[in-house]
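>>> structure for the following, please:
(one chain, ligands or ions: 1)
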Amino acid sequence: MEQQTNIIQIKQCPVCRNTSFKPYLKTQDYFLTQEPFTIDQCEKCSFIFTNPIPSKSELPKYYDSPDYLSHTVRGWSITGSIYKALRNLNIRNKYKIVQHYKKIGKFLDIGSGTGELLNYFNQKGWETVGIEPNEKARNYAIDSYNINVFDESKLDDLQEDGFDVISLWHVLEHVYDLDERMKQIQKLGKKDSYVVIAVPNIESPDAQKYKDKWAALDIPRHLYHFSKGSIQTLLGRYNMELVKMYPMRLDAFYVSLLSEKYLNKKIPAIPAFFSGIQSNLKAGKENNYSSMIFVAKQI
Ligand SMILES: [Zn+2]
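Got it, this is the predicted structure:
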């Protein structure tokens, strides 16, 4: 067989290390390259993951789009203003969730983007550290808000048991070495600290509806496709206990909009609006929203 060095075949389930998988879905990179990819499911723990995946050195090319970066809107525009308003709403909502568990302390945001969330926590009196692999976003955060943001290599140097809250907002599905990252989180969190993980939910009604065109598959950028069950299995492996789940209702609209675009709808906003409403209504019964926030306690 021809050896392709730029493609890595996953041999062990990233969650349970089992070695037998079944095909789950065939899809393609609708967002950028249009290249085909396949998704497998572990036969033991049911975890769903992209397989094969690009090698670590190949992956950056799949992020090579101006659309993919967190928006750093400087000038005024209508979409820019809506974006900023939603972003601020989003930040307050995230802060409110964290406040249920910790009032003040040390906060680590992994995948901190352009730093708005860190800045908000900072202004509320928290000690904050951000980790952001994207150099542009990192420098923007440092220059704009005068906050501590480092690249991923810093995770090995941060103080053990140093943080009260560690968050990853739509980040864990991108992490190349899941086991390594979970171990780092486990090490960096104090005993009884909280880990907040937001990820797309492959069991959501919009995922079921759009199937291979569900925009939150976002392969090969998304290496893992989590569900409530697989997140719980994953957390358990690292002595983290799920405390509560929260919905991210806006994601159903955003993901539906992109999915309708992939279906080549002429005016995707209209079906996307109804799809978003429908997804949220259906999701409510089983708490299976398009994206979910998982709050876990380190035990
Ligand atoms: Zn497994």
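
>>> use CA for all of it now, contacts and neighbours both
OK.

>>> quickly list what the closest residue to Tyr24 other than its chain neighbours is bridged to.
Residue nearest to Tyr24 in three dimensions, not counting chain neighbours: Asp40, with 4.7 Å by CA to CA, 6 or more residues apart in numbering. Counting by DSSP bridges, Asp40 forms beta bridges with Pro23, Phe49.

>>> contact partners for Asp40?
Listed by CA atoms under 8 Å, 6 or more residues apart in numbering, the contact set of Asp40 reads Phe21, Lys22, Pro23, Tyr24, Leu25, Ile48, Phe49, Thr50, Asn51.

>>> next: Ser259.
With contact set as CA under 8 Å, 6+ apart, Ser259 has these partners: Tyr210, Lys213, Trp214, Ala215.

>>> now do 6 Å
Lys213, Trp214, Ala215 (CA atoms under 6 Å, 6 or more residues apart in numbering).

>>> among these, which are located in strands?
Using DSSP state E to define strands, no part of the contacts of Ser259 is located there.

>>> quick check: Asp179 vs Met240, distance?
Distance of Asp179 to Met240, computed by CA to CA, to the nearest Å: 14 Å.

>>> try Ile202
To Met240, Ile202 is 21 Å away according to CA to CA.

>>> and Ile78, by the same measure?
Ile78 is 42 Å from Met240, by CA to CA.

>>> between these two, who's got more neighbours?
Neighbours per residue (other CA atoms under 10 Å) separate Ile78 from Met240, with Met240 holding more: 22 against 8.

>>> how about the contacts made by the nearest residue to the more buried one once chain neighbours are set aside?
Closest residue to Met240 apart from its sequence neighbours, by CA to CA, 6+ apart: Gln298 at 4.5 Å. For Gln298, the contact set (CA under 6 Å, 6+ apart) comprises Lys191, Asp192, Ser193, Met240.

>>> now with 7 Å?
Lys191, Asp192, Ser193, Tyr194, Asn239, Met240, Glu241 (CA atoms under 7 Å, 6 or more residues apart in numbering).

>>> before we move on, what SS does the first one have?
So the one you mean is Lys191. When classified by DSSP: H, G, I helix; E, B strand; the rest coil, Lys191 comes out as strand.

>>> thought Asn51 was touching Gln41?
No - here Asn51 does not reach Gln41: they are 9.2 Å apart, not a contact under CA atoms under 7 Å.

>>> which of those two has more residues huddled nearby?
Ranked by neighbour count (other CA under 10 Å), Asn51 and Gln41 place Asn51 first, with 23 against 20.

>>> quick check, pLDDT for that one.
Predicted confidence (pLDDT) for Asn51: 98.

>>> pull out the buried residues from the helix or strand bottoming out on mean pLDDT in the chain.
For the chain, using mean pLDDT, DSSP states H and E, the weakest element among its helices and strands is helix 78-99, scoring a mean of 89. Using 16 or more other CA atoms under 10 Å as the test for burial, helix 78-99 gives Ile91, Lys94, Tyr95, Val98.

>>> can you put the residues you listed in JSON lines and add distance to the ion?
Converted to JSON lines, those look like this (distance: CA to the ion, whole Å):
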{"residue": "Ile91", "distance to the ion": "33"}
{"residue": "Lys94", "distance to the ion": "30"}
{"residue": "Tyr95", "distance to the ion": "33"}
{"residue": "Val98", "distance to the ion": "30"}
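
>>> all helices of the protein, in order?
Here the chain has its helices, by DSSP state H, at 78-99, 116-123, 135-145, 178-188, 205-210, 228-237, 249-262, 269-286.

>>> quick one: buried residues of the last one?
Put plainly, it is helix 269-286. So, applying 16+ other CA under 10 Å, buried residues of helix 269-286: Ala269, Ala272, Phe273, Ser275, Gly276, Ile277, Ser279, Asn280, Leu281, Ala283.

>>> name the helices or strands packed onto that helix?
If you count contacts as 3 or more CA pairs under 7 Å, 6 or more residues apart in numbering; DSSP states H and E, helix 269-286 packs onto helix 205-210, helix 249-262.
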